[in-house]
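A.B. asks: no sequence for this one, just the structure:
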Ligand SMILES: Cc1ncc(COP(=O)(O)O)c(C=O)c1O
């Protein structure tokens, strides 16, 4: 694209004008980069993303995250910055905090964490002394790296004890209680990256209370369902709750720290309230300057998450995931726990001849994105794995309900059936099937466009005519 038509928003000097000029410059001066960015939009439009840890951010979220607010350097918090000229950013951060509190029914919110990993590290550093004990779900059982995995600093700086699953593949709460009684952790973590069942936060809190531990709920994966009441909320059960903002909230890369009724419970020194501890934990203890434009994008995403459409999408996500799991079982796949309560389903491939990485790559060749995942007791290394994780966040954003998701399950099944493994990493997909499936995926995506595709088409009409509004 050589030149953009006149800015249709009529504001040449505000953010819209700046974005408009920026896009023009990008296309004129750096066509290589602009071409890649455009290609990504088309790619997202025409592939069936079933990545459980992703959602599609609205154009307004993306616009906010690319705003001039990014030029503001401001350590500290609104009203208590270490730099001048932060009035607009202060208001934006206050807005984001207010919206986070309202959306989650929280009494405290910190919107500065650059990610949920940074949020978890900050919370743990504030509550657990170096060498202190934490208790979290084992990585192989579906936990996250920051919950005490040896591959993370949380497994090296703390004495990390890990709980697992029972014979049915669900969290073994009896084991959690036994390990808590034996090791008396300072923090018990409730949360998972690859677990398809409801988390019983009340039960976790009972266990934490029985040994005087703080309960940290990490709802990185399920925060959209929590916000929409499709999963019980941990806010008043846990002392502290953390989440990513991009997985289910349709926000930018980033994290949040939240707290409910215990926001002023005393910290480990017996005096300092948890909310004050968390403020310090993020800045200055673990982060420097916040990312102002990302915070603006969080504010926008949090507003959208309070809209009825978000709740409808969350309902569709859960009903879609149930249909997905049931259909995969019907087609003969080994679905962990036999089903799902949330947005994801996990397939154990050990009875098939495929590895996780082969399944992931073969599906991608057919236009379907899922990610390889270790399954409990997996003997294969993390880059190979014996499972895949599938999620319905983006399918629901495309408006796909159970009936369409069953069609997606059929496509996944057909792609896996058309794949012949040659080793743990090499394989061959039947070329006729690959072409057929790719076409089917394209047609399905066209019938269920991403939410912004319609807006894009409309805006394109406006840009073409140069009409202002
Ligand atoms: C449970 C859980 N916590 C934390 C994280 C880390 O999130 P982020 O990518 O925001 O650092 C993840 C994501 O992968 C996760 O699944």
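C.D. replies: Done, it's in. Since this is a predicted model, take the numbers as computed values, not measurements.
A.B. asks: could you measure the nearest residue to residue 200 once chain neighbours are set aside against the ligand, distance?
C.D. replies: The shortest distance from residue 200 to any non-neighbouring residue, by Cβ to Cβ, 6 or more residues apart in numbering, is to residue 173 (6.8 Å). C-betas here are computed from N, CA, C, even on glycine. In this view, residue 173 and the ligand are 18 Å apart by Cβ to the nearest ligand atom, to the nearest Å.
A.B. asks: What's the local residue count around residue 173?
C.D. replies: Number of residues near residue 173 (other Cβ atoms under 10 Å) recorded here: 15.
A.B. asks: residue contacts, it?
C.D. replies: Residue 173 sits next to 200, 203, 204, 207 when contact means Cβ atoms under 8 Å, 6 or more residues apart in numbering.
A.B. asks: Let me have the residues you listed in JSON lines, extended by neighbour count.
C.D. replies: Converted to JSON lines, the contacts of residue 173 look like this (neighbours: other Cβ atoms under 10 Å):
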{"residue": "200", "neighbour count": "18"}
{"residue": "203", "neighbour count": "15"}
{"residue": "204", "neighbour count": "26"}
{"residue": "207", "neighbour count": "24"}
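A.B. asks: could you measure the residue nearest to residue 200 against residue 346, distance?
C.D. replies: Counting by Cβ to Cβ, to the nearest Å, the separation of residue 173 from residue 346 is 20 Å.
A.B. asks: The ligand: which of the contacts of residue 173 is nearest?
C.D. replies: Of all those, the ligand sits closest to residue 204, with 14.1 Å by Cβ to the nearest ligand atom.
A.B. asks: Now the closest one: which helix or strand?
C.D. replies: Assigned by DSSP states H and E, residue 204 belongs to helix 201-210.
A.B. asks: Could you list the low-pLDDT ranges of this structure?
C.D. replies: Per-residue confidence for the chain (pLDDT under 70) gives these ranges: 1-13, 459-469.
A.B. asks: In it, where's the longest helix?
C.D. replies: Using DSSP state H, we find that the single longest helix of the chain is helix 308-330.
A.B. asks: How far off centre is the helix holding residue 204?
C.D. replies: Relative to the centre of its chain, helix 201-210 is centred 25 Å away, using Cα atoms, centre = their mean, to the nearest Å.
A.B. asks: How about residues contacting it?
C.D. replies: Contacts of helix 201-210 with the rest of the structure, by Cβ under 8 Å, 6+ apart, involve 173, 176-177, 180-181, 188, 190, 213-215, 217, 232-234, 237-239.
A.B. asks: Can you say which of those are buried?
C.D. replies: The neighbour count (16 or more other Cβ atoms under 10 Å) marks 176-177, 180, 188, 190, 213-215, 217, 233-234, 237-239 as buried among the contacts of helix 201-210.
A.B. asks: Inside helices: which ones of the residues you listed?
C.D. replies: Short answer: the buried ones among the contacts of helix 201-210 in helices (DSSP H) are 176, 177, 180.
A.B. asks: To which secondary structure element is the residue most central in space within the chain assigned?
C.D. replies: For the chain, residue 247 is the residue whose C-alpha lies nearest the centre (Cα atoms, centre = their mean; 1.9 Å). Using DSSP H and E, residue 247 maps to neither a helix nor a strand.
A.B. asks: circling back to that earlier point, buried residues, the helix holding residue 204. List them.
C.D. replies: For helix 201-210, a neighbour-count test (16+ other Cβ under 10 Å) marks 201, 204, 205, 207, 208 as buried.
A.B. asks: related to what we said a few turns ago, just the closest of the contacts of residue 173 to residue 90, please.
C.D. replies: Nearest to residue 90 among the contacts of residue 173 is residue 204, at 35.8 Å by Cβ to Cβ.
A.B. asks: Relative to residue 119, how far out is the closest one?
C.D. replies: Residue 204 sits 18 Å away from residue 119, going by Cβ to Cβ.
A.B. asks: try residue 152
C.D. replies: Residue 152 is 14 Å from residue 119, where distance means Cβ to Cβ.
A.B. asks: Can you pick out the residue with more neighbours from these two?
C.D. replies: For residue 152 versus residue 119, neighbours defined as other Cβ under 10 Å are more numerous around residue 119 (33 against 19).
A.B. asks: near the ligand, which residues of the stretch 101-250 of the chain?
C.D. replies: Proximity of the stretch 101-250 of the chain to the ligand (Cβ under 6 Å from any ligand atom) is limited to residues 115, 116, 117, 144, 146, 191, 192, 193, 218, 220, 221, 244.
A.B. asks: give me that answer again for 5 Å
C.D. replies: With Cβ under 5 Å from any ligand atom as the criterion, the stretch 101-250 of the chain comes near the ligand at residues 115, 116, 117, 144, 191, 193, 218, 220, 244.
A.B. asks: Same list, those, but as JSON lines with secondary structure, neighbour count and distance to residue 107 please.
C.D. replies: Below are these laid out as JSON lines (DSSP: H, G, I helix; E, B strand; the rest coil; neighbours: other Cβ atoms under 10 Å; distance: Cβ to Cβ, whole Å):
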{"residue": "115", "secondary structure": "coil", "neighbour count": "17", "distance to residue 107": "23"}
{"residue": "116", "secondary structure": "helix", "neighbour count": "27", "distance to residue 107": "20"}
{"residue": "117", "secondary structure": "helix", "neighbour count": "20", "distance to residue 107": "24"}
{"residue": "144", "secondary structure": "coil", "neighbour count": "23", "distance to residue 107": "25"}
{"residue": "191", "secondary structure": "strand", "neighbour count": "29", "distance to residue 107": "20"}
{"residue": "193", "secondary structure": "coil", "neighbour count": "21", "distance to residue 107": "27"}
{"residue": "218", "secondary structure": "strand", "neighbour count": "32", "distance to residue 107": "19"}
{"residue": "220", "secondary structure": "coil", "neighbour count": "27", "distance to residue 107": "21"}
{"residue": "244", "secondary structure": "strand", "neighbour count": "23", "distance to residue 107": "21"}
